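S.K.: the following block contains a protein sequence and its predicted model.
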Amino acid sequence: MVLNEKSLRPSKLLTALGVGSAVGLAYVILYAVKYPWYYALGFNLANLSSAGVVLYLVSNRNWLTRFVLENRVMVWLGRRSYGIYLYHFPLVGAMWVSGYTPLQMFTVGLLVTLTLAELSWRFVEAPCLRLKDRWSRREKMQADFRLI
């Protein structure tokens, strides 16, 4: 059993998975880049470790989880994550080809990516989500009307 039914706290197995995943993720980020197997296995290890950390966080409702997942910065990043995902790769690729140093790529890339993600959220994504809500209400009203 992953969750303890009595207290709805994560079991020892889930806690071990979360801690082990956090350690694995830290290892990949800090050390694994140096090894030739990184591009073959490192991304998969990072993905699995991230999934383990997220699984632990969403199943554990303590102050740390609320602080990590519900603070304003994380909510802001979460709402703009699709834009960050879309814009970071072509931007960093163009900077790499243009000869930027890694520090320049990180600082300029981060600022430009976050700016593009904010503009995308504000002027494309949020308005489309409002339209989606409007259309879904209209379709529901039409379906209700057809039932009459």
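M.R.: Perfect, I can see it now. Numbering: from 1, shown residues only.

S.K.: could you use CA atoms for every contact and neighbour count after this?
M.R.: Fine.

S.K.: count of neighbours near Phe123?
M.R.: Applying other C-alpha atoms under 10 Å, we find 10 other residues in the vicinity of Phe123.

S.K.: if I look at it, how far off is Arg130?
M.R.: 11 Å (C-alpha to C-alpha, to the nearest Å).

S.K.: what are the boundaries of the strands in the protein?
M.R.: Under the criterion DSSP state E, the chain contains strands at 3-4, 9-10.

S.K.: least reliable of those strands by average pLDDT, please.
M.R.: Among the strands of the chain, strand 3-4 has the lowest mean pLDDT, at a mean of 46.

S.K.: tell me if I'm right that Leu25 and Leu45 touch.
M.R.: Yes - if you go by C-alpha atoms under 8 Å, Leu25 and Leu45 touch, sitting 7.4 Å apart.

S.K.: more neighbours: which of those two?
M.R.: Taking other C-alpha under 10 Å, Leu25 and Leu45 do not tie; Leu25 has more neighbours (24 against 18).

S.K.: the helices in this structure, which residues?
M.R.: 12-30, 43-59, 63-70, 72-79, 81-98, 102-120, 126-147 (DSSP state H).

S.K.: quick one, which of those helices is nearest to Trp37?
M.R.: helix 43-59 (9.9 Å; C-alpha to C-alpha).

S.K.: average pLDDT for the closest one?
M.R.: Regarding helix 43-59, the rounded mean pLDDT is 81.

S.K.: ditto for stretch 93-102
M.R.: 92.

S.K.: and for stretch 11-31?
M.R.: Stretch 11-31 comes out with an average pLDDT of 81.

S.K.: from Leu129, how far out is Ser136?
M.R.: Taking C-alpha to C-alpha, one finds Ser136 at 11 Å from Leu129.
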